[in-house]
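J.: Any chance you can model this:
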Amino acid sequence: MTLQVLSPVEGTALPLSEVGDPVFAQAMVGPGIAVDPARGAGDAVAPIDGTVVTLHPHAFVVATDSGAAVLVHLGIDTVQLKGDGFTLHVVKGETVRARQRMISWDPATIEAGGRSPVCPVIALDATAEALTGLRQPGQVAAGEPLFTWQR
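T.: Next comes the predicted model:
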């Protein structure tokens, strides 16, 4: 199975190694890519079609019927905000389509609070070799491809 994973936000694609958190930078939770989001209020969208299996104000996981799961983390250390500044538009267990609005947030506010707004997009339980076509560093729009996951 081949799964195309889309960018959840508009911004600048970056290698995971540039994320300021070793858990993501060293791919401890899985391989993927990061997006430094455009500043200003905006929406994070679903990176794939699937079911919302984990939902926090600052992060979510969407899984396909075949079990492929993609984690989107909105900013680094944003769990400490306890949901402040995030508006959920879906519920856990909901079926979503790629590009569907999931969470509204403002990366500039996150940054002003001293945290990085960079968004890791992780293929959970994948190997680095399973990801192909990784987006080169540079501008990316929400809903544009970040990588392909060969399962």
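J.: Can you pull up the most central residue in this protein?
T.: Central residue of the chain (C-alpha atoms, centre = their mean): Val72, 2.6 Å from the mean position.
J.: Tell me where the protein has strands.
T.: 2-6, 11-15, 32-37, 42-45, 50-56, 59-63, 69-73, 87-88, 95-96, 101-105, 119-124, 131-132, 138-140, 145-150 (DSSP state E).
J.: Figure out which of those strands is closest to Glu111.
T.: Smallest distance to Glu111 across these (C-beta to C-beta): 9.5 Å, for strand 32-37. For the C-beta atoms, the positions are set from N, CA and C on the backbone; glycine is no exception.
J.: per-residue confidence averaged over that closest one?
T.: Average pLDDT, strand 32-37: 98.
J.: longest helix of this protein?
T.: Counting residues, the longest helix found in the chain (DSSP state H) is helix 107-112.
J.: residues making contact with that helix?
T.: Helix 107-112 is contacted by residues 9, 11, 37-42, 74-75, 78, 81, 85, 116-117 when judged by C-beta atoms under 8 Å, 6 or more residues apart in numbering.
J.: If you count neighbours, what's buried in it?
T.: Neighbour-count burial for helix 107-112, counted by 16 or more other C-beta atoms under 10 Å, picks out 107, 109-111.
J.: now swap in stretch 31-39 and tell me
T.: In stretch 31-39, counting by 16+ other C-beta under 10 Å, buried: 31-38.
J.: List the contacts of it.
T.: 5, 7-16, 18-19, 24, 70-71, 107-108, 111, 117-123, 126-128, 130-131, 134-135, 140, 146-147.
J.: I'd like the C-alpha coordinates of that stretch written as PDB, please.
T.: Extracted C-alpha coordinates of stretch 31-39, given in PDB (Å, rounded to 0.1, in the frame of the first residue of the first chain):
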ATOM      1  CA  PRO A  31      10.400   9.200  10.600                       C
ATOM      2  CA  GLY A  32       8.800  12.100   8.900                       C
ATOM      3  CA  ILE A  33       9.300  15.800   8.200                       C
ATOM      4  CA  ALA A  34       8.600  19.100   9.900                       C
ATOM      5  CA  VAL A  35       6.900  22.300   8.800                       C
ATOM      6  CA  ASP A  36       7.700  25.700  10.200                       C
ATOM      7  CA  PRO A  37       4.200  27.200   9.900                       C
ATOM      8  CA  ALA A  38       3.400  30.600   8.400                       C
ATOM      9  CA  ARG A  39       2.800  33.000  11.200                       C
END
